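K.L.:
just coords:
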């Protein structure tokens, strides 16, 4: 992929996602938002759905956002961003915005507001071709309302609505394939990113913001209370997700599929599972760990088969 930032010191130093928010210690979403705004700069309008980031960064009368920022309901962030983009086009047409001034529009939603409640609005935005970057911070459950499962909850994970007991063993359904749904709309750019791999993430933000048309970036976002991990371990968990193959960093640009963080030798998936309390019920059942390992192996094999090819079809599917 194109490297806009070759080292960490190349990333802009200006802080536009400022201190004082109420996000949990170790929250992956805070790292994601901070770097997203560093890349976006001042000429960016943020449209955000209800969720952890929204409620934790805008406690009245204070805000963490220094950019223009709009809060909308859980389900319609992409629809509102579509309206903002259409309004900017009209203002430019009327000469009220200089033609050479690029104003970027970024939509932010959690997995609940993206995979589930907001999927219809996202689909409409992508189908209509609005010049908007949609960023999903995926903490794999409805963390803001009590750790209920979402369509992004991985197989085997404990949530309050997929408890671990004698009959239920956590989530029994595989994670929804968000990127393939986005690619089915024939969009110019879609990618996954992980906050531990900061350079990969910020370069994808930069690239997406320079591409005209709808873009989707699906980001891995560790949640310390929901995943039952020590706050100091959140980035270790993020790193292990990639090292075990549970999460793969890749991008699809104009249909061309590229893995952007190669892992020559994967670690066993147990290394990722064992440091999270949401999977502790699996540790006494090796057959369930083996099943998850097989699922991850199949996923990575599929990813490897797509590398360097032109794709519009299933990618995540684990």
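P.N.:
Looks like it came in fine. Please read these numbers as outputs of a predicted model, since none were measured by experiment.
K.L.:
Now do the same contact list for residue 227.
P.N.:
Contacts for residue 227 (C-beta atoms under 8 Å, 6 or more residues apart in numbering) come out as 139, 140, 237, 276, 277, 278. C-beta: built from backbone N, CA, C; applies to glycine.
K.L.:
Could you work out the most separated pair of those?
P.N.:
Using C-beta to C-beta, the contacts of residue 227 reach their maximum pairwise distance at 139 and 277, which is 14.4 Å.
K.L.:
Which one of the two is surrounded by more residues?
P.N.:
More crowded of residue 139 and residue 277, by other C-beta atoms under 10 Å: residue 139, with 29 against 13.
K.L.:
For the closest residue to the more buried one other than its chain neighbours, grab the count of nearby residues.
P.N.:
Nearest non-adjacent residue to residue 139, counting by C-beta to C-beta, 6 or more residues apart in numbering: residue 223, 3.8 Å away. If you count neighbours by other C-beta under 10 Å, residue 223 ends up with 26.
K.L.:
One more: the one 10 residues further on?
P.N.:
Neighbour count for residue 233, taken as other C-beta under 10 Å: 16.
K.L.:
Counting neighbours, what do you get for the residue nearest to it when sequence neighbours are not counted?
P.N.:
Distances taken as C-beta to C-beta, 6+ apart place residue 275 nearest to residue 233, at 6.1 Å, with adjacent residues excluded. For residue 275, the count of nearby residues is 17 (other C-beta under 10 Å).
K.L.:
wouldn't the residue nearest to residue 139 be in contact with residue 140 here?
P.N.:
Yes. Taking contacts as C-beta atoms under 8 Å, residue 223 lies within contact range of residue 140: 7.3 Å.
K.L.:
In contact with the residue nearest to residue 139, which residues?
P.N.:
Applying C-beta under 8 Å, 6+ apart, the residues near residue 223 are 24, 27, 28, 52, 139, 140, 141, 143.
K.L.:
can I assume the second one is in contact with residue 237?
P.N.:
Think residue 27. No. In this structure residue 27 lies outside contact range of residue 237 using C-beta under 8 Å: 12.0 Å.
K.L.:
where do the contact lists of these two overlap?
P.N.:
In contact with both residue 27 and residue 237: residue 222, using C-beta under 8 Å, 6+ apart.
K.L.:
Could you pull up the contacting residues of the residue positioned nearest the centre of the chain?
P.N.:
Residue closest to the average C-alpha location in the chain (C-alpha atoms, centre = their mean): residue 219, at 2.4 Å. Applying C-beta under 8 Å, 6+ apart, we find residue 219 in contact with 28, 32, 135, 136, 137, 138, 192, 193, 194, 195, 201.
K.L.:
Just the local confidence number for the fourth one, please.
P.N.:
The model reports residue 136 with a pLDDT of 98.
K.L.:
Please name the nearest non-neighbouring residue to it.
P.N.:
For residue 136, ignoring the flanking residues on the chain, the nearest one in space by C-beta to C-beta, 6+ apart is residue 114 at 4.2 Å.
K.L.:
I'd like the distance between that neighbour and residue 122.
P.N.:
6 Å (C-beta to C-beta, to the nearest Å).
K.L.:
More neighbours: the two, which one.
P.N.:
Each of residue 114 and residue 122 has its neighbours counted (other C-beta under 10 Å); residue 114 has more, 33 against 30.
K.L.:
Tell me the spacing between the more buried one and residue 182.
P.N.:
For residue 114, the distance to residue 182 equals 10 Å [C-beta to C-beta].
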